[in-house]
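Visitor: For reference, the sequence and a predicted model appear below.
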Amino acid sequence: MANRIAIIGGGKIGEALLAGLISSGKPTRDLVVAERSKERADEIAEEYGVLVTDLPGAVEHAAVVVLAIKPTDVDEVTATIAGVVDEGETERLTVSLVAGVPTERYERALPAGSPVVRVMPNTPMLVNEAMSAVSPGRYADDEHVATVVELLSAVGKVVVVPERQMDAVTAVSGSGPAYAFLVAEALIDAGVSLGLSRKMSTQLVTQTVRGAGILLTDSGVSPADLRAAVTSPGGTTAAAVRELERINLRTGFYEAAHAAARASARSGSVESGPGVETDISSASD
Ligand SMILES: NC(=O)C1=CN([C@@H]2O[C@H](COP(=O)(O)OP(=O)(O)OC[C@H]3O[C@@H](n4cnc5c(N)ncnc54)[C@H](OP(=O)(O)O)[C@@H]3O)[C@@H](O)[C@H]2O)C=CC1
Ligand SMILES: O=C(O)[C@@H]1CCC=N1
């Protein structure tokens, strides 16, 4: 049990964590996955050579249990875990990757005093380039936080934030890769409409997005200044940016991020059902 990590849910983010940990050198014998879809379980076992078993079996011998399940599965899964864990046993660390669900909800379901750490990762974890944010629950101490930060540092960058900021983090970096992929998708289509082959347009856009990302992270220069450097006076970029401003792209991102944060807050609230808006105005430091 000492080093074993159980990943509950072998979906998109569960697989990204598994792949990232293995590629960063974590031995497969220290990893176990619980996945309820038989087809998916077989795929994961074959692809990664890890043990894939049922939920109680995965939890039983694990020191760290990572929940990579949908918000709607949380109550059922935590109830099952609580049934496996002895009353008063608080050694096992629960790490939730689930959007919106507060640590308090796990703490209520698990044996009293159980340490819980909430994490919001993102899918670039698949290539060890995740951005993850970590928030300790009420019973998680500095050592628990350090354990989770070390685990996630193997698959990308990590920050520690107060839990009240998690809906904002989810809207920005959790969902963020989807916004970048949508921009890439749209630009590829635009290139095709200008007469490029789809293959050529995809190559041009993919490397452009990659290069821009690396320049942004490595140069220390602000996005506004990097954009100004591309924008020659009276040139092509100025013409393009004028159109993006005309269609209110900034407002679009603002509204999108706020909608994502509201959806995160909603998905964690047992009381409010889908479509019920939640006030997230306190999500600032
Ligand atoms: N995808 C992303 O980019 C990110 C996702 N997250 C969070 O991660 C969580 C999972 O998301 P994602 O990976 O996209 O979702 P998926 O639906 O791809 O994965 C969830 C997996 O867990 C399985 N599962 C559910 N209940 C059980 C159980 N009792 N035992 C074993 N397996 C179970 C599901 O099976 P079945 O299909 O049968 O339901 C499914 O395969 C969500 O809460 C999301 O908020 C966080 C950050 C980023
Ligand atoms: O879309 C979702 O709900 C999850 C959380 C962040 C990214 N994907």
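Guide: That came through, no problem. Ligands and ions are numbered 1, 2, ... in the order given.
Visitor: Next one, pLDDT for Ile280 please.
Guide: At Ile280, the model reports a pLDDT of 40.
Visitor: And Pro274, by the same measure?
Guide: For Pro274, pLDDT reads 42.
Visitor: Quick check: chain neighbours aside, which residue is closest to the closest residue to ligand 1 within the chain?
Guide: Proximity of the chain to ligand 1 (Cβ to the nearest ligand atom) peaks at Gly11, 1.7 Å away. For the C-beta atoms, the positions are set from N, CA and C on the backbone; glycine is no exception. Once flanking residues are discounted, Gly11 sits nearest to Ala68: 6.5 Å by Cβ to Cβ, 6 or more residues apart in numbering.
Visitor: wait, doesn't the one you found sit right on Gly9?
Guide: Yes - assessed by Cβ atoms under 8 Å, Ala68 is found in contact with Gly9 at 3.8 Å.
Visitor: Okay, helices next: where are they in the stretch 151-285 of the chain?
Guide: Assigned by DSSP state H, counting those that start in this stretch, the stretch 151-285 of the chain shows helices spanning 166-169, 176-193, 198-219, 223-230, 236-246, 249-267.
Visitor: Can you name every helix or strand that the longest one contacts?
Guide: In this structure, helix 198-219 packs against helix 176-193, helix 223-230, with contacts taken as 3 or more Cβ pairs under 8 Å, 6 or more residues apart in numbering; DSSP states H and E.
Visitor: give me every residue that touches the residue of the stretch 151-285 of the chain found nearest ligand 2.
Guide: Ligand 2 sits closest to Gly174 of the stretch 151-285 of the chain, with a gap of 3.4 Å, by Cβ to the nearest ligand atom. Listed by Cβ atoms under 8 Å, 6 or more residues apart in numbering, the contact partners of Gly174 are Ala99, Met120, Pro121, Asn122, Ala260, Ser264.
Visitor: measure it to Thr147 for me?
Guide: 21 Å (Cβ to Cβ, to the nearest Å).
Visitor: Could you do Pro223 as well?
Guide: Taken as Cβ to Cβ, the span from Pro223 to Thr147 is 34 Å.
Visitor: Name the residue in the two with the higher neighbour count.
Guide: Thr147 (17 against 10; other Cβ atoms under 10 Å).
Visitor: For that one, which non-adjacent residue is closest in space?
Guide: Leu93 (6.4 Å).
Visitor: That neighbour: neighbouring residues, count only.
Guide: 22.
Visitor: Isn't it up against Ala63?
Guide: Yes - the pair Leu93 / Ala63 is scored as a contact, 6.8 Å apart, by Cβ under 8 Å.
Visitor: what does this protein have sitting close to ligand 2?
Guide: Within the chain, the residues that sit near ligand 2 (Cβ under 6 Å from any ligand atom) are Ala99, Thr170, Gly174, Ser175.
Visitor: these two touch, right, the last one and Ala261?
Guide: No - with contact defined as Cβ under 8 Å, Ser175 does not reach Ala261; the gap is 9.3 Å.
Visitor: Comparing those two, which shows the higher neighbour count?
Guide: A count of neighbours by other Cβ under 10 Å puts Ala261 above the other of Ser175 and Ala261, at 24 against 20.
Visitor: Any figure for the gap between that one and Gly268?
Guide: Distance from Ala261 to Gly268, by Cβ to Cβ: 11 Å.
Visitor: Report the backbone C-alpha coordinates of stretch 246-255 in CSV.
Guide: This file holds the C-alpha atoms of stretch 246-255, laid out as CSV (Å, rounded to 0.1, in the frame of the first residue of the first chain):
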residue,chain,number,x,y,z
ARG,A,246,-15.2,43.8,-34.4
ILE,A,247,-16.8,40.4,-33.5
ASN,A,248,-16.0,40.9,-29.8
LEU,A,249,-13.8,38.0,-29.4
ARG,A,250,-12.6,39.3,-26.0
THR,A,251,-16.2,39.5,-24.8
GLY,A,252,-16.7,36.0,-26.1
PHE,A,253,-13.9,34.6,-23.9
TYR,A,254,-15.1,36.6,-20.9
GLU,A,255,-18.6,35.2,-21.2
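Visitor: returning to that earlier point: taking the helices and strands packed on helix 198-219 together, which one is wrapped up most tightly?
Guide: helix 176-193 (a mean of 14; mean count of other Cβ atoms under 10 Å).
Visitor: Show me what it is packed up against.
Guide: Checked by 3+ Cβ pairs under 8 Å, 6+ apart, helix 176-193 has helix 198-219 packed alongside it.
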